[in-house]
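**Q** Test case, fold it:
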Amino acid sequence: MADLRDFPDQAFSGVHHGPLQEGEWITLQDSKGRRHSVNLERGKIFHTTKGGIAHDDLIDGPDAVVIKSKGGVEYLALRPLMADYSVSMPRGAAVIYPKDTAQIVTMADIFPGAKVVEAGAGSGALTTALLRAVGIHGQVISFERREDFAEVARKNVTGFFGGEHPAWRLEVGDLVEKLNEQDVDRVVLDMLAPWECVDVVAEALSPGGVFCAYVATTTQLSRFVETLRAHGEFTEPRAWESLVRDWHVEGLAVRPGHRMQGHTAFLVTARRMAHGVQAPRKKRRPAPGAYGDDYLGPRREEARSESTDDMPKATGSSATDT
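**A** Now for the predicted structure:
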């Protein structure tokens, strides 16, 4: 029976089986864990400080082998996983790292067959994960303002999947000006000012749809969350970040590793209410000073009024003579 696992043209999984082929990317890793991404090309040599490695020695051979350089140093040769590819791909804009990509795909509930709008395609790292999640029966519509970044993203995405993905459409331009989609299931924004897109996204999203934003700073985080609240037709936004720490494990020597992936960005999600339906107001009293004189963001007067209304009322008491 034929091996049905490797259908790059039909499934567009980005996963390949069988012998390594010319044009494929592989990862070479030395004994210290240092990695090098190599695009296989007949007749080429990958040069290291310990001698070269001929591409021809890998092409037509199996995946997951150990190969020696001319200087006798061993390298592990593997096809890259999607996470490996995303951090080593050629870049225009900075990429969204795998720890955040995984959170977006899960917490924004990207599902097979979904219609997803993405803005800020950058170098295409998140796009590959979105396309794999929605599959060939879904749709990912990516917007990128800069044509040079869009071209980098196109090359990276088609390089990963081995061709033009049938579920992907890349638009060069501003989301606010060009988005005319309806019945969108999910929207993911990676841009400097996602609050500028709230109204147009609200028109595109289906009731119950998920709006997700990736923002780098606390000022961006605050303004985006408050803009969603001011709109009124989104559920209370949830904001968080993820930190990933390696662990060193050798026998009884089990301890945190020296390397950690700390803050990269904040993620925010909220769900679209039915059109014309206002989400319930948040009842928890704001922290003192949250909407003080220095706060100049969205719904300033409304938030300050709510803060005042929620303050405990002073009650009079009379002294009792003893």
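
**Q** Please count neighbours and contacts with C-alpha atoms only from this point.
**A** OK.

**Q** All the helices of the stretch 51-200 of the chain, in order from the start?
**A** Under the criterion DSSP state H, counting those that start in this stretch, helices of the stretch 51-200 of the chain are mapped to 82-88, 98-107, 125-134, 147-161, 175-178, 198-204.

**Q** Would you confirm that His275 contacts Glu233?
**A** Yes. Using C-alpha atoms under 8 Å, His275 is in contact with Glu233, at 7.2 Å.

**Q** So which of those two has more stuff around it?
**A** A count of neighbours by other C-alpha atoms under 10 Å puts Glu233 above the other of His275 and Glu233, at 21 against 13.

**Q** ok, now which ones touch the more buried one?
**A** Residues near Glu233 by C-alpha atoms under 8 Å, 6 or more residues apart in numbering: 272-279.

**Q** Among the helices of the stretch 51-200 of the chain, show me which one is buried the most.
**A** Each of the helices of the stretch 51-200 of the chain was scored by mean neighbour count; the highest is helix 125-134, a mean of 24, by mean count of other C-alpha atoms under 10 Å.

**Q** by contact count, what packs against that one?
**A** helix 82-88, helix 98-107, strand 115-119, strand 139-144, helix 147-161 (3 or more C-alpha pairs under 8 Å, 6 or more residues apart in numbering; DSSP states H and E).

**Q** can you list contacts of the shortest one?
**A** By that I understand strand 115-119. Residues outside strand 115-119 that contact it (C-alpha under 8 Å, 6+ apart): 110, 127, 130, 134, 138-144, 175, 183-191.

**Q** Which of the contacts of Glu233 has the largest number of neighbours?
**A** Arg272 (25 neighbours).

**Q** ok, it - contacts?
**A** Residues in contact with Arg272 (C-alpha under 8 Å, 6+ apart) are 202, 205-211, 233-235.

**Q** Same list (those residues) but as CSV, adding pLDDT and distance to Ser37.
**A** Shown next, in CSV, are those (pLDDT from 0 to 100; distance: C-alpha to C-alpha, whole Å):
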residue, pLDDT, distance to Ser37
Ala202, 98, 41
Leu205, 98, 39
Ser206, 98, 41
Pro207, 98, 43
Gly208, 98, 41
Gly209, 98, 38
Val210, 98, 35
Phe211, 98, 34
Glu233, 97, 46
Phe234, 98, 43
Thr235, 97, 43
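
**Q** Please flag which of the residues you listed sit within strands.
**A** 205-211 (DSSP state E).

**Q** closest to Arg285 out of the helices of the stretch 51-200 of the chain?
**A** Ranking the helices of the stretch 51-200 of the chain by proximity to Arg285 (C-alpha to C-alpha) places helix 198-204 first, at 25.1 Å.

**Q** Now do that closest one: which elements does it pack against?
**A** Looks like helix 198-204 contacts helix 218-231 (3+ C-alpha pairs under 8 Å, 6+ apart).

**Q** All good on my end, thank you.
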